[in-house]
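I'd like to go over a predicted model; first the sequence, then the structure.
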Amino acid sequence: MICLRCGYCCHVSLVVIVDDPDKGISKDNLIAVNLLEEGPCKHLSGDISGQFSCAIHGKAWYKKTPCFQHGQIEVNPDCECRMGRYVLDHNIDTSHWHRKE
C-alpha cells in the first residue's frame, strides 16, 4: 500500500507504538495508544494533510512495527491507500487533528 501521508491513521487509530525510538523495539518500550483520545502519534511531524511524515520510518527496526504492517485489502502493494485518497480528495478538515494539551 502506498501511504499518501494524509495523517488519518496517525491521528485516530488505536495502535501499539515504540515509545523511545533510541531504544528500538523491546517489550518494555512498546505502548498502546488510543490516538483518538490522546492525540496524534508522537512520532508524527507536520500539520498539513498529505504532507505528514514519521520520525521513525528510517529506523532499521521500523519494518517490525505495527505501523509498517498496516495495510488494506489490495491487489498489489503499489495501490494507493483508499482512506488517504478519500481524505485528500474530499478536503477533510484536519484542523481538529492535534495533540491534546
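Good, I have the coordinates. Numbers count the residues shown, from 1 in each chain.

Sketch out the low-pLDDT regions of the chain for me.
Counting by pLDDT under 70, the chain shows low-confidence ranges at 95-101.

mind running it again at 90?
The model of the chain has pLDDT under 90 over residues 1, 11-15, 27, 33-40, 47-49, 66-78, 91-101.

For it, just list every one of the helices.
Using DSSP state H, the helices of the chain run over 8-12, 35-38, 66-69, 82-89.

what does the longest one rub up against?
I take that to be helix 82-89. Under the contact criterion CB atoms under 8 Å, 6 or more residues apart in numbering, helix 82-89 has outside partners Cys3, Leu4, Arg5, Cys6, Gly7, Tyr8, Cys9, Ser49, Gly50, Gln72, Ile92, Thr94. Bear in mind the C-beta positions are built from the backbone N, C-alpha and C, glycine included.

any idea how far the closest residue to the last one other than its chain neighbours lies from Glu37?
This points to Thr94. Closest residue to Thr94 apart from its sequence neighbours, by CB to CB, 6 or more residues apart in numbering: Ser49 at 4.6 Å. Distance, Ser49 to Glu37, by CB to CB, to the nearest Å: 21 Å.

out of the two, which sits in the more crowded spot?
Just comparing Ser49 and Glu37: by other CB atoms under 10 Å the higher neighbour count belongs to Ser49, 21 against 9.

Let me see the contact set for the more buried one.
Cys6, Gly7, Val87, Leu88, Ile92, Thr94.

Can you tell me which of these are buried?
When the contacts of Ser49 are checked for burial by 16 or more other CB atoms under 10 Å, the buried set is Cys6, Gly7, Val87, Leu88, Thr94.
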